[in-house]
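Peer 1: Pasting the sequence and the predicted coordinates here, then a few questions.
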Amino acid sequence: MRFGDEWERYCRTVRRWIPHRRPVWAREAAYAPSTLYISATCRLCTPVGRWIELKHPYGLRVVPAERLETPVRRALYLPAGASRTQGAEREGVAALPKALEHVNLAWAFAGWIVLFPGVSAVAQLIADAVGAGPRDLAASTNRA
């Protein structure tokens, strides 16, 4: 066993060169999921969080942003195993394409377009203009 048990399990699970509509390995892997923090009290944010949950993303938890210890003013995406101090997070409009990577390849591709240089800045500007700008969230007593 050159690469270990996890690699062997991966090779048994994933078909070679045949793509799946949804990631097979992500379903089988035992790892900490990524997290999307999105407000449960914002009338514009709540439907977005529900929509993502309805897509049944693999390896992604959608958590109310009000449960964070340190408040955020926009949606926040934290990759699996990362913390806010590591600088790996995405905020605002840029958080949603990262969450779409957990749905399927078609939605991931749509999200990647938003992550092109300059596109996410323009998308954030438009979102702010239509009322989805930064918010001060009330702290919840139910912490995650």
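Peer 2: Looks like it arrived, so ask away. Numbering: from 1, shown residues only.
Peer 1: Only C-alpha atoms from now on, for both contacts and neighbour counts.
Peer 2: Noted.
Peer 1: so how many other residues sit close to the closest residue to residue 89 other than its chain neighbours?
Peer 2: Nearest residue to residue 89 in three dimensions, chain neighbours excluded: residue 78, at 4.8 Å (CA to CA, 6 or more residues apart in numbering). Neighbour count for residue 78, taken as other CA atoms under 10 Å: 24.
Peer 1: Beta-bridge partners for residue 78, please?
Peer 2: With DSSP bridges as the criterion, residue 78 is bridged to residue 35.
Peer 1: Give me the pLDDT for it.
Peer 2: At residue 78, the pLDDT value in this model is 88.
Peer 1: just residue 139 next, same as before
Peer 2: 56.
Peer 1: who's in contact with the residue nearest to residue 89?
Peer 2: 34, 35, 36, 84, 88, 89, 90 (CA atoms under 8 Å, 6 or more residues apart in numbering).
Peer 1: tell me which element the residue nearest the centre of the chain falls in.
Peer 2: Centroid-nearest residue in the chain: residue 99, 2.7 Å away (criterion: CA atoms, centre = their mean). Assigned by DSSP states H and E, residue 99 falls within helix 95-100.
Peer 1: Return that helix as CSV; C-alpha atoms alone will do.
Peer 2: Coordinates of each C-alpha in helix 95-100 appear next as CSV, following Å, rounded to 0.1, in the frame of the first residue of the first chain:
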residue,chain,number,x,y,z
ALA,A,95,-19.2,33.0,-0.9
LEU,A,96,-22.0,31.8,-3.0
PRO,A,97,-20.0,30.4,-6.0
LYS,A,98,-17.8,28.5,-3.5
ALA,A,99,-21.0,27.0,-2.0
LEU,A,100,-22.2,26.1,-5.5
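Peer 1: got the CA positions of whichever helix or strand comes after it in PDB?
Peer 2: The helix or strand immediately downstream of helix 95-100 is helix 105-114, counting by DSSP H and E. Taking C-alpha atoms only, helix 105-114 is exported to PDB below (Å, rounded to 0.1, in the frame of the first residue of the first chain):
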ATOM      1  CA  LEU A 105     -20.500  20.500 -12.000                       C
ATOM      2  CA  ALA A 106     -23.100  22.700 -13.800                       C
ATOM      3  CA  TRP A 107     -23.600  24.900 -10.800                       C
ATOM      4  CA  ALA A 108     -19.900  24.900 -10.000                       C
ATOM      5  CA  PHE A 109     -19.200  26.100 -13.500                       C
ATOM      6  CA  ALA A 110     -21.700  29.000 -13.100                       C
ATOM      7  CA  GLY A 111     -20.000  29.900  -9.800                       C
ATOM      8  CA  TRP A 112     -16.600  29.900 -11.400                       C
ATOM      9  CA  ILE A 113     -17.700  32.500 -13.800                       C
ATOM     10  CA  VAL A 114     -18.600  34.800 -10.900                       C
END
